[in-house]
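> sequence and predicted structure below; questions after.
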Amino acid sequence: MAVVVKDLRLAWRDRAGWASAGAFATIAVLTYSFAFDLATGDVRPLLPGVLWTTFLFAGIFAGGQSFARESEEGTFDALLLSPVSPTMIYVGKALANVLAMLMIEFAQLVLATILFDTNLVSLELLVIVIIGTVGAVSLTTLLSTMSASMRGRAMLLPVMALPLLVPLLIGAVRATGAALSLDAGTAPWTLLLGVFALWSAMLSVLLFPMAVER
Amino acid sequence: MALARPTRVTASTGAIVETRALTKRYGGLDVVRAVSIALPPGSRTALIGANGAGKTTLLALLSTLVAPSEGDATVAGHSLKDRPAALRRAIGVLAHRPMLYEEMTPLENLGFFARLYSVTDAEARIEELLRATGVWQRRHEPVAVLSRGYHQRLALARALLHRPAVLLADEPETGLDPEGVEMLDELALTVPGLTVIAATHRVDRIEAWATGLVRLEHGRAVEDTASIGVGASA
């Protein structure tokens, strides 16, 4: 819990990472709203894709920054030197990233509701966003640890993360479509999304101690 | 100021820090080669050698930051391989970098680490250390605005916060003014009962605090006056 509180405090103090991610997400949603012709066409089929590509890139951008700073300042070593297990450090950092990401996503859902004139703040959709965020952030937090000390990490993280996140992206887009009463097929997309999120979280928890071993 | 915890030693040798053929290899290169030392409780060991001799890597091995390629070590009775968490609780580390969160104040930094180490009397302990290191007056300022000397003082406070039995220090004098060096001696390097292993290039200062030395060359311990039964230590 100490790691969660510390990370949220740092995110608030040094808003560069999360503020940039929030700004990126806002600009993306605004741009999409200008790009689509709201007057003549039904834009609802496009919304799941709009939301999840925005969430995914904003998450990768912000998640990468949290570990990069720890690595640059040497504070990650201080965490590893403490008696707290690497697994708990990972859980704390991932949880802080999930909470910060959910705040950005909720703001974007409200913004998109206004811009696209479609109610996106429903309980069903919020559950899907939470599950998808847990899955995506679990993986990006792990990968950002692995890339934090590498040169070219800004490019490396999306290159590593995006192929691994394709199944989650498909599940999240389809589940969001179903929540918006769009034709999403008969597959239980929310369940599949949940399974992927669980797999992603468990795999990351198991691999993190190995990822930080030198 | 009571700094050190009650110490546990290796039963067979009575050493608080013992390495057995400890080796670290990167690629094909042995950075630390089969180092075996046995340091008595309360000893203060200067780790000396040229740049690249393996001093920092040996400290990183002892602190569990780096996993050994071969061999093992025991610190305060805890094996590097089998009980790393318990070992980490027994050590304090003063590294090249201060390892502090620059956006947080000294109070917040120490408060955070006190929670990680489950320090019971955290508030009193933090005040005691901040006063002792001369950072108390600036406890509410972000670390980013403090000078390098203050960073080093605060790093020392962080390293001693949980009352470690063993202090591992890498060039501890770096960035400190003469007053800071005096404070370092008083709080860490010459505290009775606290076992210290410090890598240093300040050979002129070794006599002031060390009870023995280990000289490394190309990763090997070529001189050891610190280990039990071999020299002048403790």
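Everything's here; your move.
> in the sheet, who's paired with the residue most central in space within chain B?
Nearest to the geometric centre of chain B sits B:Leu168, at 1.3 Å (Cα atoms, centre = their mean). Counting by DSSP bridges, B:Leu168 is bridged to B:Val93, B:Ile197.
> secondary structure class of the most centrally placed residue in chain A, three-state.
Taking Cα atoms, centre = their mean as the criterion, A:Gly59 is the residue nearest the geometric centre of chain A, at 3.8 Å. Recorded secondary structure, A:Gly59: helix (DSSP: H, G, I helix; E, B strand; the rest coil).
> am I right that it is in contact with A:Gly135?
No. Between A:Gly59 and A:Gly135 there is no contact under Cβ atoms under 8 Å: 10.4 Å. Every residue, glycine included, has its C-beta placed from N, CA and C.
> longest helix in chain A, please.
In chain A, taking DSSP state H as the definition, the longest helix is helix A:86-116.
> and that one, what does it pack against?
helix A:2-13, helix A:16-35, helix A:47-73, helix A:75-81, helix A:123-147, helix A:189-211 (3 or more Cβ pairs under 8 Å, 6 or more residues apart in numbering or on different chains; DSSP states H and E).
> so which elements touch the third one?
Judged by 3+ Cβ pairs under 8 Å, 6+ apart, the packing partners of helix A:47-73 are helix A:2-13, helix A:16-35, helix A:75-81, helix A:86-116, helix A:123-147, helix A:153-179.
> so which residues make contact with the top helix by length along chain B?
Counting residues, the longest helix found in chain B (DSSP H) is helix B:148-160. Here helix B:148-160 makes contact (Cβ atoms under 8 Å, 6 or more residues apart in numbering or on different chains) with A:78, B:3, B:92-95, B:98-100, B:106, B:109-110, B:113, B:126, B:129-130, B:132-135, B:138, B:143, B:146, B:167, B:169, B:172, B:174-177, B:180, B:183-184, B:187-188.
> state the mean pLDDT of it.
For helix B:148-160, mean pLDDT is 89.
> now it: buried residues?
B:150-160 (16 or more other Cβ atoms under 10 Å in any protein chain shown).
> worst mean pLDDT among the helices and strands packed on helix A:86-116?
Mean pLDDT per stretch puts helix A:2-13 lowest among these, at a mean of 79.
> circling back: going by distance to B:Glu207, which of the buried residues of helix B:148-160 wins?
B:Leu156 (21.2 Å; Cβ to Cβ).
> list, one by one, the residues from chain A near chain B.
Within chain A, the residues that sit near chain B (Cβ under 8 Å from any Cβ of the partner chain) are A:2-3, A:6, A:9-10, A:13-14, A:73-75, A:77-85, A:213-214.
> make a PyMOL selection of the buried ones in the residues you listed.
Buried subset of the residues of chain A next to chain B, written as a PyMOL selection, criterion 16+ other Cβ under 10 Å:
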select buried, chain A and resi 2+3+6+9+10+14+73+75+77+78+79+80+81+82+83+84
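> show me where chain B has helices.
Listed in chain order, the helices of chain B (DSSP H) span B:55-62, B:84-90, B:106-116, B:122-132, B:148-160, B:178-184, B:206-209.
> for the longest one, the distance to its chain's centre please.
Distance of helix B:148-160 from its chain centroid, counting by Cα atoms, centre = their mean, to the nearest Å, is 12 Å.
> just the angle between that helix and helix B:122-132, please?
Relative orientation of helix B:148-160 and helix B:122-132, computed by axes from the mean of the first three to the mean of the last three Cα atoms, to 10 degrees: 140 degrees.
> convert the C-alpha atoms of helix B:148-160 to PDB, please.
What follows is helix B:148-160, C-alpha atoms only, in PDB (Å, rounded to 0.1, in the frame of the first residue of the first chain):
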ATOM      1  CA  ARG B 148      24.200  17.300  -3.400                       C
ATOM      2  CA  GLY B 149      25.600  17.400   0.100                       C
ATOM      3  CA  TYR B 150      22.100  17.400   1.600                       C
ATOM      4  CA  HIS B 151      21.200  14.500  -0.700                       C
ATOM      5  CA  GLN B 152      24.100  12.500   0.600                       C
ATOM      6  CA  ARG B 153      23.100  13.300   4.200                       C
ATOM      7  CA  LEU B 154      19.600  12.300   3.600                       C
ATOM      8  CA  ALA B 155      20.700   9.100   1.800                       C
ATOM      9  CA  LEU B 156      22.700   8.300   5.000                       C
ATOM     10  CA  ALA B 157      19.600   8.900   7.100                       C
ATOM     11  CA  ARG B 158      17.600   6.500   4.700                       C
ATOM     12  CA  ALA B 159      20.300   3.900   5.000                       C
ATOM     13  CA  LEU B 160      20.300   4.000   8.800                       C
END
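> need the contact list for the residue lying closest to B:Ser69 once chain neighbours are set aside.
Excluding the flanking residues, the one nearest B:Ser69 by Cβ to Cβ, 6 or more residues apart in numbering or on different chains is B:Arg25, at 4.1 Å. Shown in contact with B:Arg25 (Cβ under 8 Å, 6+ apart): B:31, B:69-70.
> give the PyMOL command for selecting the buried subset of those residues.
If you want just the buried ones from these in PyMOL, going by 16+ other Cβ under 10 Å, the selection is:
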select buried, chain B and resi 31
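> of the contacts of B:Arg25, which is the nearest to B:Ala221?
Minimum distance to B:Ala221 across the contacts of B:Arg25 is 13.2 Å, recorded for B:Val31 (Cβ to Cβ).
> report the beta-bridge partners for B:Arg20.
Beta-bridge partners of B:Arg20, as defined by DSSP bridges: B:Asp72.
> that one reaches B:Ala73, doesn't it?
Yes. Here B:Arg20 reaches B:Ala73: they are 7.0 Å apart, a contact under Cβ under 8 Å.
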